[in-house]
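[1] Here is a sequence with its predicted model. Questions after.
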Amino acid sequence: MYTNIQNQHERGFTLIEMIGVLAVIGTLAALILPKVFAVVSDSRVSGLVSAVKTYETGVTKYYADLGTVLPLNATGAPAVEATGDSATALSLAARLTLSASDALVTGVGMWPKFRGPYLEKFDTNQTPGLGSKMYIPAEAAITYGTAATATNAGFALKGDTANSDLPTGSNVAYLKVEALSAEDFVALDSIIDKDVGTTTAEKELRGRAKYDTATTTALIYLASR
């Protein structure tokens, strides 16, 4: 009797039992993995939203000191710099992280009003969770009332139409995020532009966040003057 029981324990699982175990594991994985991925995605979206708020605060403080959202050039004059690449010294992205004691901050033009750094860090090649690269372009806004497209410097902030609300002659600074999936943009937009737009097309063009499906690039409004 003892020998029979011992033999049953030593023989291990049968093929049918193994198939049953694998089926259960497969079912559990199918139920759990989507939720895990959703949690990870939500966490990354939240990280980007938090970063946007930080960048918005930095640009707003910069504007409060200098009265412009454009980066200052070597002579302390505001100058359009549309790449927004942190590797470009004259970009707003680079200027925002510049210390007021830096040798580049001279006494000419508007530099004496500079009280940086306005951002602790901004690296075009290191995005906060989502996207492959990010930039802070600073350029002239499109004419008031004209259509805000997924790629131009216009934002329909009110969200009632897709026409830009930014005053003619103003400059705008915005965050550009590349390689952002359509699903992640929808999640981002639901936080930044809650209740703006009813259709996907409207959500992609109206409000603070815009999206270009062709290039999977998002533009997110930070500040304008």
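    Done, it's in.
[2] What is the least confident helix or strand in the chain?
    helix 2-10 (a mean of 51; mean pLDDT, DSSP states H and E).
[3] Could you grab the helix/strand/coil label for Val172?
    Under DSSP: H, G, I helix; E, B strand; the rest coil, Val172 falls in the strand class.
[4] Does whichever helix or strand Asp189 is part of pack against any helices or strands, and if so which?
    Secondary structure assigned from DSSP states H and E places Asp189 in helix 182-192. Judged by 3 or more Cβ pairs under 8 Å, 6 or more residues apart in numbering; DSSP states H and E, helix 182-192 is in contact with helix 15-66, helix 200-205, strand 209-212, strand 217-224. All C-beta atoms are positioned from the backbone trio N, CA, C, and that covers glycine.
[5] and the angle for it with strand 217-224?
    Orientation check (axes from the mean of the first three to the mean of the last three Cα atoms, to 10 degrees): helix 182-192 against strand 217-224 gives 20 degrees.
[6] buried sites along helix 182-192?
    Asp184, Phe185, Ala187, Leu188, Asp189, Ile192 (16 or more other Cβ atoms under 10 Å).
[7] My guess is Ala187 contacts Val45. True?
    Yes. Using Cβ atoms under 8 Å, Ala187 is in contact with Val45, at 4.5 Å.
[8] Can you check which of the helices and strands packed on helix 182-192 gets nearest to Phe114?
    helix 15-66 (6.6 Å; Cβ to Cβ).
[9] any idea how far the following helix or strand past that closest one is from the chain center?
    Remark: after helix 15-66, the chain's next helix or strand is helix 92-96, criterion DSSP H and E. Mean C-alpha position of helix 92-96 versus that of the full chain (Cα atoms, centre = their mean, to the nearest Å) differs by 17 Å.
[10] where's the nearest residue to Leu104 once chain neighbours are set aside relative to Ser181, distance?
    The shortest distance from Leu104 to any non-neighbouring residue, by Cβ to Cβ, 6 or more residues apart in numbering, is to Leu98 (6.4 Å). Distance of Leu98 to Ser181, computed by Cβ to Cβ, to the nearest Å: 33 Å.
[11] Tell me which of these two has more neighbours.
    Counted by other Cβ atoms under 10 Å, Leu98 and Ser181 do not tie: Leu98 has more neighbours, with 18 against 12.
[12] Low-confidence stretches in this structure?
    1-13, 17, 20-21, 24, 26, 28-41 (pLDDT under 70).
[13] what's the neighbour count on Asp123?
    There are 12 residues near Asp123, going by other Cβ under 10 Å.
[14] and if you look at Pro71?
    Pro71 - counted by other Cβ under 10 Å - has 25 other residues nearby.
[15] swap in Glu178?
    For Glu178, using other Cβ under 10 Å, the count is 16.
[16] Going forward, count from 22.
    Sounds good: first residue 22 from here, last item Glu199.
[17] Which residues are in contact with it?
    Residues near Glu199 by Cβ atoms under 8 Å, 6 or more residues apart in numbering: Gly152, Ser153, Lys154, Met155, Thr236, Thr237, Thr238.
[18] Redo those residues as JSON lines? Include distance to Thr109, secondary structure and neighbour count.
    Shown next, in JSON lines, are the contacts of Glu199 (distance: Cβ to Cβ, whole Å; DSSP: H, G, I helix; E, B strand; the rest coil; neighbours: other Cβ atoms under 10 Å):
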{"residue": "Gly152", "distance to Thr109": "19", "secondary structure": "coil", "neighbour count": "21"}
{"residue": "Ser153", "distance to Thr109": "18", "secondary structure": "coil", "neighbour count": "13"}
{"residue": "Lys154", "distance to Thr109": "13", "secondary structure": "strand", "neighbour count": "16"}
{"residue": "Met155", "distance to Thr109": "14", "secondary structure": "strand", "neighbour count": "29"}
{"residue": "Thr236", "distance to Thr109": "21", "secondary structure": "coil", "neighbour count": "12"}
{"residue": "Thr237", "distance to Thr109": "23", "secondary structure": "coil", "neighbour count": "17"}
{"residue": "Thr238", "distance to Thr109": "18", "secondary structure": "strand", "neighbour count": "21"}
